[in-house]
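> got a predicted model here, sequence first, then my questions.
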Amino acid sequence: MNESTSLLAEVVDLEALRARTRAYAAGFGFGSVRCGDVALVVNELATNGLAHGRAPVEVCLDAFGDLMRVSVWDSFVVGVPLCGDLEDVDDDAEGGRGLLCVREFADVVSWGLRGCRKFVRAEFELPGGVGGVDVVRMSVASSPGVPVPGRAGG
């Protein structure tokens, strides 16, 4: 499987992003529960990018060696993603648990800065070390028609 595609969607189209993520993960032998875990992580990181970052938010799924990596990029480098512990979250708070879920489902979670962009990464061990190199890039915009840098019209 060697594919490189882009998807520009509204926030309401996160369902399509989750479906593409599930299909991608299934192609590498993840079972349905683990595909759901990967889709939940992609959804949470993309939603965080849209809520706390700056569009466009780009989701990159790549697999190599024995890992599948989810990288979510946005253009807001002022804030640092907080990957705290549950005791840092108010019991009555509506939010604040998303990255805790990401940490629970992913094998490794990290973040970093590259130029004027921030990324949060989650890594998953591939079943049976199915590897190779494969990359799928998907972009989620906060509103329709937002140009994605490096793409036609962006």
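Okay, I see it.

> residue 47 and residue 75, how far apart?
16 Å (Cβ to Cβ, to the nearest Å). Any C-beta I mention is one placed from the backbone N, CA and C, and that applies to glycine too.

> can you map out the strands along the chain?
Assigned by DSSP state E, the strands in the chain fall at 8-9, 57-64, 67-74, 108-114, 117-125, 133-140.

> deepest of those strands, which one?
Among those, strand 67-74 has the highest mean neighbour count (mean count of other Cβ atoms under 10 Å), at a mean of 22.

> just the residues contacting that one, thanks.
Contacts to strand 67-74, defined as Cβ atoms under 8 Å, 6 or more residues apart in numbering, come from residues 25, 28, 30, 38, 41-42, 45-46, 48-50, 53-63, 106, 117-126, 131.

> equivalent analysis for stretch 27-41, please.
By Cβ under 8 Å, 6+ apart, stretch 27-41 touches 1, 18-19, 21-22, 25-26, 63, 68, 70, 101-102, 105-106, 122, 124, 126-128, 130.

> in it, what's buried?
28, 30, 34, 35, 36, 37, 38, 39, 40, 41 (16 or more other Cβ atoms under 10 Å).

> so of these, which ones are in helices?
Judged by DSSP state H, the buried residues of stretch 27-41 include 34, 35, 36, 37, 38, 39, 40, 41 as members of helices.

> quick check: the gap between the second one and residue 114.
Shown here: residue 35 relative to residue 114, a distance of 28 Å by Cβ to Cβ.

> before we move on, back to that, let me know the closest of the ones in helices among the buried residues of stretch 27-41 to residue 14.
residue 39 (9.8 Å; Cβ to Cβ).

> one step back: let me know the closest of the buried residues of stretch 27-41 to residue 110.
Distances from residue 110 to the buried residues of stretch 27-41, taken as Cβ to Cβ, are shortest for residue 41 (13.0 Å).

> the closest one and residue 61: what is the separation?
The value you get for residue 41 to residue 61, if Cβ to Cβ is used, is 10 Å.

> thinking again about what came up before, which stretch in the strands of the chain has the least confidence?
Of all the strands of the chain, mean pLDDT reaches its minimum on strand 8-9 (a mean of 36).

> distance to residue 97 added to the strands of the chain, as TSV?
TSV is the format used below for the strands of the chain (distance: least, Cβ to Cβ, whole Å):
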stretch	distance to residue 97
strand 8-9	25
strand 57-64	20
strand 67-74	17
strand 108-114	14
strand 117-125	15
strand 133-140	21
